[in-house]
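Enquirer: here is a sequence together with a model predicted from it:
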Protein chains: 2
Amino acid sequence: MHSEGLLIVISAPSGAGKTTLCHDLTQRFPALQESISYTTRQPRPGEVDGVDYHFVSEVVFRQMVAEHAFIEWAEVHGNLYGTAMATIDEARRNGVDMLLDIDCQGAKSLKQRGVQGLFVFVLPPSLAELRRRLESRSSDAREVIERRIARATEEIREARWYDYIVVNDRLDEAQNLLAAIVTAARATTERMLGRVGKMFDI
Amino acid sequence: MHSEGLLIVISAPSGAGKTTLCHDLTQRFPALQESISYTTRQPRPGEVDGVDYHFVSEVVFRQMVAEHAFIEWAEVHGNLYGTAMATIDEARRNGVDMLLDIDCQGAKSLKQRGVQGLFVFVLPPSLAELRRRLESRSSDAREVIERRIARATEEIREARWYDYIVVNDRLDEAQNLLAAIVTAARATTERMLGRVGKMFDI
């Protein structure tokens, strides 16, 4: 029986450990696909179009922006990067569970478009610990770090409208919790009825 | 920081394996308390009032029924048994997570009273398997078994308004899923804000 793909949206302030958590999640759930972004930058050796990125020209990218095709897009070092709404729609239709590592603005845009998903916000154990992590891993100037912390503090306020909050204090516990959230999301009645509703005449 | 106790409501048709699953859940989550019922039957040797049951007279029980103090109550072999709303309210207020093994009627009554909880329905892998389980474990007459199956089929239709559906096919998988559902429920934003909201000014 076919059921819609689950969309897992994960946001976090820089330094909360989101990248490690997302990586662990895809290890535990091999069927979980990460969203493939569009970019205007040149493919590096070994990168495959449609696998690593959708490589497009700037003209095409700008056209997509004009058509509101992106949930979020940004310019980084002169190249454009974007996450297309179509990528998410397609995964859902094809029954593919998708992991979307996206900032609060992008997540909010999804929510505002009425996209159904599991919205998870990852928090550091405390602001003091976030500061410690940002300071220890960066050789950036004090001012840059302060700006990051100010931004993180702002982003954290967005946590209130997410579905779940994972505090990344002990990594293994945070990993287990995130896995439990994904496991549980697959057993909601809405999703299960698609799988077993007919069999039981529910 | 104090947060409200979580109420986990589990229902299932007879033969779905609910008792085994509930037992496993209380083993995994030692802080999870099972609801203590009221009863008019005499305590058996070793049974402690307020631990095994709340032992009350029939007069008191009937008075509680008249006052709508019970979510559900039933007469079994001449004795009265009931689950009091106050038991659930008290656990919630005291931050105690409670497991409530209750039939669909009782669960519906909770839902109708607007009680917040995690409503989980346990399904057998199929109606054929349910029949096999009921037949193999019972020496009851064919008619009795048929009645149970008819009742189970009816109850299963109620699954549609529960939050989660756990299909108890492989026991260990069902146990893991149920544990994941409980773990995830403790990380909803609503609950987490009570724990970390102030710290992060969310």
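Expert: Now that the structure is in, tell me what you want to look at.
Enquirer: quick one: mean pLDDT over stretch A:22-41.
Expert: Stretch A:22-41 shows a mean pLDDT of 95.
Enquirer: for it, buried residues please.
Expert: Buried residues in stretch A:22-41, counted by 16 or more other C-beta atoms under 10 Å in any protein chain shown: A:22, A:24, A:25, A:29, A:32, A:33, A:35, A:36, A:37, A:38, A:39, A:40. Quick note: C-beta positions are derived from backbone N, CA and C, even for glycine.
Enquirer: out of these, the closest to chain B would be?
Expert: The closest of the buried residues of stretch A:22-41 to chain B turns out to be residue A:29 (C-beta to the nearest C-beta; 12.2 Å).
Enquirer: please list the residues of chain A that sit near chain B.
Expert: By the rule C-beta under 8 Å from any C-beta of the partner chain, the part of chain A lying against chain B is A:121, A:123, A:126-127, A:153, A:156-157, A:159-167, A:176-177, A:179-181, A:183-185, A:187-189, A:192-193, A:196-197, A:199-202.
Enquirer: only whichever of those are buried, select them in ChimeraX.
Expert: Buried members of these, defined by 16+ other C-beta under 10 Å, are picked up in ChimeraX with:
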select /A:121,123,127,156,159,162,163,164,165,166,167,176,177,179,180,181,183,184,185,187,188,189,192,193,196,200,202
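Enquirer: mind listing which of the residues of chain A next to chain B are in helices?
Expert: A:127, A:153, A:156-157, A:176-177, A:179-181, A:183-185, A:189, A:192-193, A:196-197, A:199-200 (DSSP state H).
Enquirer: got the contact list for the residue minimising distance to the centre of chain A?
Expert: In chain A, the centroid-proximal residue (C-alpha atoms, centre = their mean) is residue A:101; its distance is 1.9 Å. By C-beta atoms under 8 Å, 6 or more residues apart in numbering or on different chains, the residues touching residue A:101 are A:10, A:11, A:18, A:19, A:22, A:34, A:35.
Enquirer: and for residue A:73, the neighbour number?
Expert: 19 (other C-beta atoms under 10 Å in any protein chain shown).
Enquirer: my guess is it is in a strand, correct?
Expert: Yes: applying DSSP: H, G, I helix; E, B strand; the rest coil, one finds residue A:73 inside a strand.
Enquirer: before we move on, what SS does the residue nearest to it when sequence neighbours are not counted have?
Expert: Leaving aside its chain neighbours, residue A:73 sits nearest to residue A:82 (3.3 Å; criterion: C-beta to C-beta, 6 or more residues apart in numbering or on different chains). Look at residue A:82: counting by three-state DSSP, its state is strand.
Enquirer: distance of residue A:82 from chain B?
Expert: 28 Å (C-beta to the nearest C-beta, to the nearest Å).
Enquirer: before we move on, what's the pLDDT of that residue?
Expert: The predicted local confidence for residue A:82 is 95.
Enquirer: for beta bridges, what are the partners of it?
Expert: residue A:38, residue A:73 (DSSP bridges).
Enquirer: so where do the strands sit in chain A?
Expert: A:7-11, A:33-34, A:38-39, A:54-55, A:70-76, A:79-84, A:98-101, A:118-123, A:164-167 (DSSP state E).
Enquirer: gap between the last one and the chain center?
Expert: A distance of 14 Å separates the C-alpha centroid of strand A:164-167 from that of its chain, computed with C-alpha atoms, centre = their mean, to the nearest Å.
Enquirer: ditto for the first one
Expert: Here strand A:7-11 is found 4 Å from its chain centre; the criterion is C-alpha atoms, centre = their mean.
Enquirer: next: the third one.
Expert: With C-alpha atoms, centre = their mean as the basis, strand A:38-39 stands 16 Å off its chain's centre.
Enquirer: which elements pack onto that strand?
Expert: Applying 3 or more C-beta pairs under 8 Å, 6 or more residues apart in numbering or on different chains; DSSP states H and E, one finds that strand A:38-39 contacts strand A:54-55, helix A:58-66, strand A:79-84.
Enquirer: give me the mean pLDDT for stretch A:136-146.
Expert: On average, stretch A:136-146 scores 81.
Enquirer: quick one: end-to-end distance for that stretch.
Expert: Using C-alpha to C-alpha, to the nearest Å, one end of stretch A:136-146 lies 13 Å from the other.
Enquirer: now stretch A:33-46
Expert: Termini of stretch A:33-46 sit 20 Å apart (C-alpha to C-alpha).
Enquirer: chain center to it: distance?
Expert: 16 Å.
Enquirer: residues making contact with that stretch?
Expert: Here stretch A:33-46 makes contact (C-beta under 8 Å, 6+ apart) with A:22, A:26, A:49-58, A:61, A:64, A:70, A:73, A:79-84, A:87-88, A:91, A:96-101.
Enquirer: thank you kindly, that will do.
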